[in-house]
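Enquirer: Provided below are the primary sequence and the corresponding predicted coordinates.
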Protein chains: 4
Amino acid sequence: MQNIIDDIAAQMALMSDKGKVASYIPQLACVKSDQFAMSIALPNGEIYNAGCAQTLFSIQSISKVFTLTLALGKLGESIWNRVGREPSGDPFNSIVQLEHEQGKPRNPFINAGAIAIADIIMQGHQPKETLAEILQFVRFVANDDSIAIDEKVARSEHETGDRNASLAHFMASFGHFQNPVSAVLGTYFHHCSIAMNTMQLATAGLYLANNGINPLTGYPVISAKRAKRINALMLMCGHYDGSGEFAFRVGLPGKSGVGGGILAIAPGKASIAVWSPGLDTIGNSKLGTLALEMLTQQTGWSVFGD
Amino acid sequence: MQNIIDDIAAQMALMSDKGKVASYIPQLACVKSDQFAMSIALPNGEIYNAGCAQTLFSIQSISKVFTLTLALGKLGESIWNRVGREPSGDPFNSIVQLEHEQGKPRNPFINAGAIAIADIIMQGHQPKETLAEILQFVRFVANDDSIAIDEKVARSEHETGDRNASLAHFMASFGHFQNPVSAVLGTYFHHCSIAMNTMQLATAGLYLANNGINPLTGYPVISAKRAKRINALMLMCGHYDGSGEFAFRVGLPGKSGVGGGILAIAPGKASIAVWSPGLDTIGNSKLGTLALEMLTQQTGWSVFGD
Amino acid sequence: MQNIIDDIAAQMALMSDKGKVASYIPQLACVKSDQFAMSIALPNGEIYNAGCAQTLFSIQSISKVFTLTLALGKLGESIWNRVGREPSGDPFNSIVQLEHEQGKPRNPFINAGAIAIADIIMQGHQPKETLAEILQFVRFVANDDSIAIDEKVARSEHETGDRNASLAHFMASFGHFQNPVSAVLGTYFHHCSIAMNTMQLATAGLYLANNGINPLTGYPVISAKRAKRINALMLMCGHYDGSGEFAFRVGLPGKSGVGGGILAIAPGKASIAVWSPGLDTIGNSKLGTLALEMLTQQTGWSVFGD
Amino acid sequence: MQNIIDDIAAQMALMSDKGKVASYIPQLACVKSDQFAMSIALPNGEIYNAGCAQTLFSIQSISKVFTLTLALGKLGESIWNRVGREPSGDPFNSIVQLEHEQGKPRNPFINAGAIAIADIIMQGHQPKETLAEILQFVRFVANDDSIAIDEKVARSEHETGDRNASLAHFMASFGHFQNPVSAVLGTYFHHCSIAMNTMQLATAGLYLANNGINPLTGYPVISAKRAKRINALMLMCGHYDGSGEFAFRVGLPGKSGVGGGILAIAPGKASIAVWSPGLDTIGNSKLGTLALEMLTQQTGWSVFGD
């Protein structure tokens, strides 16, 4: 396994086209594009790393996996009244579908859906309390209390967050929100700004590879059935309108973030985190996707066949 | 396995809401709704049946799996210039996306995509020759030379096929078609009218569960890599705008047909065919989906975890 | 003329279906639906009234005619870089077209377009100053210094203005705004809350019926060419996705407001204001439209023939 | 008047950018782009001509004005059950709106709407009989029995008519058609291929400028009310998604054809035909629009003010 991952990292270093770092959030635009890290966490506790696996990056939309888990834990299947579970066929920040479907987002992984999940989790509490709860949960699944929010990134997102504000106000106009729009946006921008490295992120995803149980602590995070369902949603919707391409090439449930990270789950086998800040045209990590494609080819970990 | 499948069939018989038989193709509307069949074919050659597993039904859109396999075999990855591989987020017969994307269908499993695949396969030949080739291929993978097209159904589809004719002419208006629209439609309507029973269909899907090799004959049908990719497409797009729901509940690559059949693949484990003509509101077999959901719960065959 | 207008008012009083008062702005929902007023101002200074022509109502979107005039006066044809001049074919608050056309609204009379015009007029000033300027302009064309903003309505709009906030943030996300979103919305909500009666409103529209010159004062408000163009825009876009219907039935340039008012212009002949708070399903005054239809039938004032 | 029209023609001859001749119908692509003609017919029988006013051209979509008149005459207001009367905001051949609105076209001047009108007129007859009726009507209003269909153009349209076939089949799939799709398309392609010169066309439009009565013969063609309504529809929808621009610049009801012709109506004053085959990007005659803009500026004929 260490050979495989080292080999992948070596090949990534040779790639000339590393994609383009996201520029619409100024704070993310500063990150250097020639960085790469990959970590593979196994249910037995082993973890394999390559590249700068200890460098923190902004997990951005990958945080949606954790807030969805939290929302399911707190409110169960009732959350599906507020958010659908179908791929949208549209970009991550599209608003067209919201108008056609009365303010109900297609799934919890597009921005509108994750903003709705933030509203669901809050249950009348302040952003601060909700963020403390989210952070506690991420620390729990990652088994690492040092994980924190990067306030600079959160502020940067807020300042350039008009598109997300538009989505939130649009949903609120249908009377769907239980908390003030500004509070929900504050929660959303901050949980997207959690900083992690690939070691922490791979560890944090283990419960999804292990039927809902954190294998390091033995604690159940979520039921096996819900772990499967989150994996299904990750495969169907985790890469926006590039989800089909990711399933086609990589063949694993995965969730990307605009910071260049991807969390991928090989059910029963491994939780994999990869990071490279350069993005493809759809907004998913270019080298990250390529590295995962190579990994599943060599390990036979695709859910669609060896 | 036989116990599991018998139990499922028994439970299905008790269901009061069996869905609604498709009415827009008159010939399909005659089928009685209280029928159910399920067949599970294993790579080792074993096959388990329940219900009326020898009753022929119209496989309809399930035939798209076979024409896609054929097109990939004949023309390789170049077919992706003509057809995308993303979920559409739209109903099976939607034309909106075609206008927004210059006549290129999102994937080979929505009607527009399958019509484009029919055009690709024809390569200037007549519908008759192309249909002979498709039929030969289906007989080969099903290992059964008795499989045939139901001409009555084909004629019925033709007479009520305005929506499909609209899709075909729309694509042709972009200069994408290499064959006359009427010939392509003739091919499409006929391959959708292939009649099979669940035993034949489960057997026919085995190559997708077995890395591209037909385990009964040992013949390679398609490369392992392509088998995986077809499975990925089935999971992402096989149930139209109900694909997310199917992944969420069943967790297997699957392709539904408006005749009430579903072909589902558990990679490395089994090929499953189920048939019950009553449909849900999206157009997928109601009891068929439910039976598959029960099966994966009891066998742990979901690709997303045990 | 007085006979005609009295007769129309009498007939309106007999109508059993007076439409439904707008409910989404709570302050507007209080207005009683069985009110009707009509005023016809002629370029020679005569004015004919019927019904409660002195009762103040919220002019709402009719204010967009005045802000457009002001924006054209201040910035000339350059405003068309920010706002189009085609009918949208969509409801007044639709956001779909904005996504398809990179945040540029189709015309200045749908909400998004009027919000963009508010941003254009502000030119870095505070809402207060801008509103003073708008109010001064409306008083000038109406020749009446008593006209004011109804602060209760403005506040009510603000509280329920999520849809408009969504539109504004959406446009701002393309970098189109020169002023803070909240300031632009404040300006927009307040100018929509100007209260006028039909006498004032009919008088205020006279410059559009008189080649841009206020016939009461002799002052030029706008060039004759621009007056024609504003009339063209009112005919094409003044009633949202009911503009075709209004042109078909009434045949005059007109602008409706959700408060139940309509300003209609018979070029060279008259400026007509009508008010009845009950709306049709599209959001235009039900009796107001009917009254105007009767008026153009009896006067031959339609621009499309006697 | 002769001076005005001569002056306009002279200025048109000097224009360097004459637009691009339509290329998607091969037979139209042969027409030389540097041609210009203009005819102004007055209700008193006078007619003023400039340029090649006797050269025949394909009237294309301008024929939709005559088929709409015919349909209203035959079936009255019931036609509005099949076709709407709102601008679509979409290109002439768009299908998106049809899907969103269950196969009912927005108005009779977009292609889908005119195809529906062709179906309405046929009433079970053969295309030949229907075309004879349409031709007879056009000859009647133009007071010229020499007007004929250009069969070469009709055939060329048929061969490249996939987009229109798509629209027709789409509507037929909702069960809206009373005649076979191929017969309706045959009727449509042929009436679009009527050849006329600007003298004939200006004369043919006189009934719309004269309250529904043909001033040359004194025969009523249609009621005054319906003439107004057709004018309203021409203004709102006659130039597809360029209708707003035409109203803004020219200010007259008008209908354009892809052959480069435009028929414009100044109610009570004149019927104007202009022809120049070069088109703008939306598909309307470039010089034709410019010539009409100059005409209304100099004559004060705009319906929106002198």
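Expert: Sure, I can see it.
Enquirer: Whichever residue of chain A sits closest to chain B sits in which helix or strand?
Expert: Going by CB to the nearest CB, chain B is nearest to A:Gly89 of chain A, at 3.0 Å. Every residue, glycine included, has its C-beta placed from N, CA and C. Counting by DSSP states H and E, no helix or strand carries A:Gly89.
Enquirer: quick one: contacts for it?
Expert: A:Asp241, B:Glu86, B:Pro87, B:Ser88, B:Gly89, B:Asp90, B:Gln97, B:Arg106 (CB atoms under 8 Å, 6 or more residues apart in numbering or on different chains).
Enquirer: Can you name the residues bridging to A:Ala195?
Expert: With DSSP bridges as the criterion, A:Ala195 is bridged to A:Ser58, A:Ala148.
Enquirer: what about the residue in the stretch 151-300 of chain A positioned nearest to chain D, neighbour count?
Expert: Per CB to the nearest CB, A:Asp241 is where the stretch 151-300 of chain A lies closest to chain D, at 18.3 Å. Close neighbours of A:Asp241, defined as other CB atoms under 10 Å in any protein chain shown, add up to 22.
Enquirer: and the closest residue to chain D within the stretch 51-200 of chain A, what is it in contact with?
Expert: Residue of the stretch 51-200 of chain A nearest chain D, by CB to the nearest CB: A:His100 (8.4 Å). When contacts are counted by CB under 8 Å, 6+ apart, A:His100 is found next to C:Val96.
Enquirer: Quick check: it vs C:Leu75, distance?
Expert: A:His100 sits 35 Å away from C:Leu75, going by CB to CB, to the nearest Å.
Enquirer: Please apply the same query to A:Thr160.
Expert: Relative to C:Leu75, A:Thr160 is positioned 27 Å away (CB to CB).
Enquirer: Give me the number of neighbouring residues for A:Leu201.
Expert: A count of neighbours around A:Leu201, defined by other CB under 10 Å, yields 31.
Enquirer: nope, A:Ala9 is what I meant
Expert: The number of residues packed near A:Ala9 is 20, by other CB under 10 Å.
Enquirer: Check A:Glu129 too.
Expert: So A:Glu129, with other CB under 10 Å, has 13 neighbours.
Enquirer: Over to A:Asn93?
Expert: Neighbours of A:Asn93 (other CB under 10 Å): 18.
Enquirer: Quick check: it vs A:Asp241, distance?
Expert: From A:Asn93 to A:Asp241 the distance is 11 Å (CB to CB).
Enquirer: which element follows the helix-or-strand element of chain A with minimal mean pLDDT toward the C-terminus?
Expert: Lowest by mean pLDDT, DSSP states H and E among the helices and strands of chain A is helix A:26-29, with a mean of 80. Later in the chain than helix A:26-29, the nearest helix or strand by DSSP H and E is strand A:37-41.
Enquirer: helices or strands next to the next helix or strand after that following strand in the packing?
Expert: Going down the chain from strand A:37-41, the next helix or strand is strand A:47-51, by DSSP H and E. Other helices and strands packing on strand A:47-51, by 3 or more CB pairs under 8 Å, 6 or more residues apart in numbering or on different chains; DSSP states H and E, are helix A:2-14, strand A:37-41, helix A:198-204.
Enquirer: Would you reformat the ones you listed as CSV and include mean pLDDT and distance to B:Thr55?
Expert: Compiled in CSV, those are given as follows (pLDDT from 0 to 100; distance: least, CB to CB, whole Å):
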stretch, mean pLDDT, distance to B:Thr55
helix A:2-14, 95, 49
strand A:37-41, 98, 48
helix A:198-204, 98, 49
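Enquirer: I'd guessed A:Pro87 sits against B:Pro87; true?
Expert: Yes. Counting by CB atoms under 8 Å, B:Pro87 is a contact partner of A:Pro87 at 4.0 Å.
Enquirer: Determine the residues that are contacts of both of these two.
Expert: Listed as contacting both A:Pro87 and B:Pro87 by CB under 8 Å, 6+ apart are A:Met236, A:Ser243, A:Gly244, B:Met236, B:Ser243, B:Gly244.
Enquirer: Tell me, how many residues neighbour A:Asn81?
Expert: Per other CB under 10 Å, the neighbour tally for A:Asn81 reads 11.
Enquirer: May I have the phi/psi pair for it?
Expert: Dihedral pair for A:Asn81: phi -70, psi -20, per degrees, to the nearest 10.
Enquirer: A:Ala71 versus that one, what's the distance?
Expert: 12 Å.
Enquirer: do the same with A:Phe304
Expert: Distance from A:Phe304 to A:Ala71, by CB to CB: 29 Å.
Enquirer: Neighbour count: the two, which is higher?
Expert: The neighbour count for A:Phe304 versus A:Ala71, taken as other CB under 10 Å, is higher for A:Phe304 (28 against 22).
Enquirer: which helices and strands does the least confident helix or strand of chain A pack with?
Expert: Applying 3+ CB pairs under 8 Å, 6+ apart, one finds that helix A:26-29 contacts helix A:151-159.
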